[in-house]
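Asker: Got a sequence here, can you build the structure:
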Amino acid sequence: MPIVTVQMLEGRTDEQKQQLVDKVTLAVSESTGAPVEKVSIIIEEMKKTNYAVGGKRASEL
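Answerer: Predicted structure coming up:
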């Protein structure tokens, strides 16, 4: 059973997260042969103050 973890900054709508889950589930199922009902998706949302690139926190951009 494939388990996929997606880490992203907070701020997406429930519709956007559902679309992500739908598409990732299908891609994993098609590429691995795992049944759709066996694909698990974990979404981990980070606060913008807890993520930085190039010395700048996302909350500052």
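
Asker: So residue 10 sits against residue 47, correct?
Answerer: Yes - contact criterion Cβ atoms under 8 Å: residue 10 and residue 47 qualify, at 5.9 Å. Where C-beta positions appear, they are placed from N, C-alpha and C, glycine not excepted.

Asker: what's near enough to touch the residue sitting furthest away from the middle of the chain?
Answerer: Computed with Cα atoms, centre = their mean, the residue of the chain farthest from its C-alpha average is residue 55, at 23.6 Å. Going by Cβ atoms under 8 Å, 6 or more residues apart in numbering, residue 55 touches no other residue.

Asker: which residues of the protein fall in strands?
Answerer: Shown for the chain, the strands assigned by DSSP state E span residues 3-9, 40-46, 52-53, 56-57.

Asker: Now tabulate these in CSV and tack on distance to residue 34, mean pLDDT and mean neighbour count.
Answerer: As requested, these are exported to CSV (distance: least, Cβ to Cβ, whole Å; pLDDT from 0 to 100; neighbours: other Cβ atoms under 10 Å):
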stretch, distance to residue 34, mean pLDDT, mean neighbour count
strand 3-9, 10, 98, 12
strand 40-46, 10, 98, 12
strand 52-53, 33, 96, 10
strand 56-57, 37, 96, 12
